[in-house]
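Visitor: Whatever this is, show me its structure:
(one chain, ligands or ions: 2)
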Amino acid sequence: MIRLAFTLGAARRCAASLCACLLVSAALSAQSPDSQSTSGTAKARKAARTAGWRADVESNAAVEYDNNIFLLSPTQRASVASPSAGATSSGRYQGMESANDVIGVGSIAIRLNGPGARGRTIEITPEISYEFASRNRLRREAAGALSVAQSLGGGRRIRLKAGSTPSHFSRNYMSDAVDADANGSISSSERIYRRGQYGEYSIVGDLRLPLAANSSKSAPIVLEAGGGYYARSYDAPFGVRDLNGPTASVSLDIGQKSPVELELTYDLAVLSAATGVQVVLLDEPLYSVDFNGNGTTTDLSARAAVDIDRSRLEHQIGGTLVFDTGRRVDASLGFDYRIRSFRSTLPYDEDNAGRRDNRSGIRGSLRARMARGVYLSTGAKFLTQSTNRPLGSTLGEETDYNNIVASVGLTASF
Ligand SMILES: [Ca+2]
Ligand SMILES: [Ca+2]
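Guide: Numbers count the residues shown, from 1 in each chain. Ligands and ions are numbered 1, 2, ... in the order given. Reported below is the predicted structural model:
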């Protein structure tokens, strides 16, 4: 079954998770009593088999084009290419070399199969990946994941998966502002931007359950349901952007192994942020407050250090049709719809109070078998997000955006 290699969010999270795996797999190979079985070499595979274990390696190499890697508005994308004097002195786009990029993506996973509980198969899969953004050096990142899946018989399976991207550059955010000309307002050159970089971690446990199945091989409907925990942690000075909380997901796979298969998914994340003080820009007359402490309440774009809360509820539904067009080619077509509802009710939190982001995406992929265990894949995805914040409000951080991603790659299993 093809699970869209191409959902950017998912791919990024996955890739992110893969990086944690760098560490995890290194640790695993260092600690495992049968460390040979994690090496992925033919020699190791042979050794693993003699111990009742089998190792398969799946490697993937792809080239990806992303037309809006920082998820910016069209105006901001143009500014990355030719920043204004103000944007240059504030460092707004410093280190953001190009709004679009060509990215080399490589990943390797080692699937270890062996006898688990009650002699049923257990599968342990460490994975690592690396993304090499050709233009934006700050976007070169590693990710890792480790999953342990225990078969329960009859097509049922329980799985635990952990993933991490230890260091991901999001974009630059305003960290402070200095009213150098003392006119009460912060101009674009009086802003101070710093690099927004975070580590991302997730753990998920899920259960796979064939429904109405006569035999495990031809279950017409397969249910997967799980729950987990997500956390992202920003480097200083952006701790107020941290998020963490429980996640849940459920999916139905209808018509597995038939010419047309439908997969429906629902994901939920309840993410909390610790309320904290952040410097923003506010128009004093709107609130009749002297935010910048200069004795007036008439300043526009005044420096204001106020409480901010980025807590949000996130729902996403998705559907994918997988067409098994023959022995050598399969294709998929999918959509996603995501709503982020921000929960802040803080009085001066213009960016988040009452905010709602809606994002729609469509995606397609084509995969052809080139040789035994070797597949050529190509895919594309289009995303469009709208937010109910007028463009340019306060800092102009959250905006409407469009994003196109296309890729071609090779997967080889051995
Ligand atoms: Ca000023
Ligand atoms: Ca004032």
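
Visitor: So in terms of bridging, what pairs with Ile317?
Guide: Partner residues in beta bridges with Ile317, using DSSP bridges, are Tyr266, Tyr337.

Visitor: From what I see, it and Glu263 are in contact.
Guide: No - Ile317 is beyond contact range of Glu263, at 11.6 Å (criterion: CB atoms under 8 Å). Every C-beta, even on glycine, is put in place using the N, C-alpha and C of the backbone.

Visitor: Got the phi and psi for Thr88?
Guide: Backbone geometry at Thr88, expressed as degrees, to the nearest 10, gives phi -70, psi -50.

Visitor: how near is the residue in the stretch 301-414 of the chain positioned nearest to ligand 2 to Lys381?
Guide: Using CB to the ion, the closest approach of the stretch 301-414 of the chain to ligand 2 is made by Ala302 at 5.4 Å. Counting by CB to CB, to the nearest Å, the gap between Ala302 and Lys381 amounts to 41 Å.

Visitor: Over to Glu97?
Guide: Glu97 sits at a distance of 23 Å from Lys381 (criterion: CB to CB).

Visitor: and if you look at Ser73?
Guide: Per CB to CB, Ser73 is found 19 Å from Lys381.

Visitor: In terms of neighbours, single out the busier of those two.
Guide: It is Lys381, of Ser73 and Lys381, that has more neighbours when counted by other CB atoms under 10 Å, with 23 against 17.

Visitor: so what's that one bridging to?
Guide: Bridge pairing for Lys381 (DSSP bridges) gives the partners Arg363, Val405.

Visitor: quick one on the thing from earlier: what about Ile317 and Glu263, which has more around it?
Guide: Glu263 (23 against 13).

Visitor: show me the contacts for that one.
Guide: Taking CB atoms under 8 Å, 6 or more residues apart in numbering, we find Glu263 in contact with Met1, Arg3, Ser251, Leu252, Asp253, Ile254, Gly318, Gly319, Thr320, Val322.

Visitor: swap in Ile404?
Guide: Residues counted as contacts of Ile404 (CB under 8 Å, 6+ apart) are Tyr65, Asp66, Asn67, Asn68, Ala380, Lys381, Phe382, Leu383.

Visitor: Low-confidence regions, the stretch 51-200 of the chain specifically.
Guide: 51 (pLDDT under 70).

Visitor: how about Val80, secondary structure?
Guide: The local conformation at Val80, judged by DSSP: H, G, I helix; E, B strand; the rest coil, is helix.

Visitor: give the contact list for Thr384.
Guide: Applying CB under 8 Å, 6+ apart, we find Thr384 in contact with Arg359, Ser360, Gly361, Asp400, Tyr401, Asn402, Asn403.

Visitor: Tell me which of those has the lowest pLDDT.
Guide: The weakest per-residue confidence within these falls on Asp400 (90).

Visitor: gap between that one and Leu243?
Guide: Plainly put, Asp400 is 22 Å away from Leu243 if you go by CB to CB.

Visitor: And Ser288, by the same measure?
Guide: Following CB to CB, the distance that separates Ser288 from Leu243 is 32 Å.

Visitor: And Ser189, by the same measure?
Guide: From Ser189 over to Leu243 the distance is 31 Å, taken as CB to CB.

Visitor: So those two - more neighbours on which side?
Guide: Relative neighbour count places Leu243 above the other of Ser189 and Leu243, with 20 against 15, counting by other CB under 10 Å.

Visitor: which residues does the more buried one contact?
Guide: Contacts of Leu243 by CB under 8 Å, 6+ apart are Tyr230, Ala231, Arg232, Leu271, Ser272, Ala273, Arg310, Ser311, Arg312.

Visitor: List just the nearest of those residues to Asp101.
Guide: The closest of the contacts of Leu243 to Asp101 turns out to be Arg232 (CB to CB; 21.7 Å).

Visitor: Residues in a beta bridge with that closest one, which ones?
Guide: Glu200, Leu243.

Visitor: got the contact list for it?
Guide: With CB under 8 Å, 6+ apart as the criterion, the residues that contact Arg232 are Tyr198, Gly199, Glu200, Tyr201, Arg241, Asp242, Leu243, Asn244.

Visitor: and the gap between it and ligand 1?
Guide: As defined by CB to the ion, to the nearest Å, Arg232 lies at a distance of 33 Å from ligand 1.

Visitor: again, but for Thr384
Guide: When distance is defined by CB to the ion, Thr384 is 36 Å away from ligand 1.

Visitor: Provide the secondary structure category for that residue.
Guide: When the structure is split into helix, strand and coil by three-state DSSP, Thr384 lands in strand.

Visitor: tell me the pLDDT at it?
Guide: 97.

Visitor: again, but for the one 3 residues further on
Guide: Thr387 carries a pLDDT value of 91.

Visitor: The spatially closest residue to it that is not a sequence neighbour bridge partners, please.
Guide: Closest residue in space to Thr387, ignoring its immediate chain neighbours: Asp357 at 4.6 Å, by CB to CB, 6 or more residues apart in numbering. Using DSSP bridges, the beta-bridge partners of Asp357 come out as Arg340, Thr387.

Visitor: Which phi and psi values does Ala55 adopt?
Guide: For Ala55, the backbone dihedrals are phi -120, psi 130 (criterion: degrees, to the nearest 10).

Visitor: Pull the contacting residues for the residue of the stretch 201-350 of the chain found nearest ligand 1.
Guide: With CB to the ion, the shortest gap between the stretch 201-350 of the chain and ligand 1 falls at Ser301, namely 8.4 Å. Taking CB under 8 Å, 6+ apart as the definition of contact, the neighbours of Ser301 are Ser185, Ile186, Ser187, Leu281, Leu282, Asp283.

Visitor: Please repeat the previous calculation with a cut-off of 7 Å.
Guide: With contact taken as CB atoms under 7 Å, 6 or more residues apart in numbering, Ser301 is in contact with Ser185, Ile186, Leu281, Asp283.

Visitor: packing partners for the helix or strand where Ile103 lies?
Guide: When secondary structure is defined by DSSP states H and E, Ile103 falls within strand 101-115. For strand 101-115, the elements it packs on are strand 54-66, strand 121-133, judged by 3 or more CB pairs under 7 Å, 6 or more residues apart in numbering; DSSP states H and E.

Visitor: Direction included, what does the last one pair up with?
Guide: Listed by DSSP bridges, the sheet partners of strand 121-133 and their directions read strand 101-115 (antiparallel), strand 141-153 (antiparallel).
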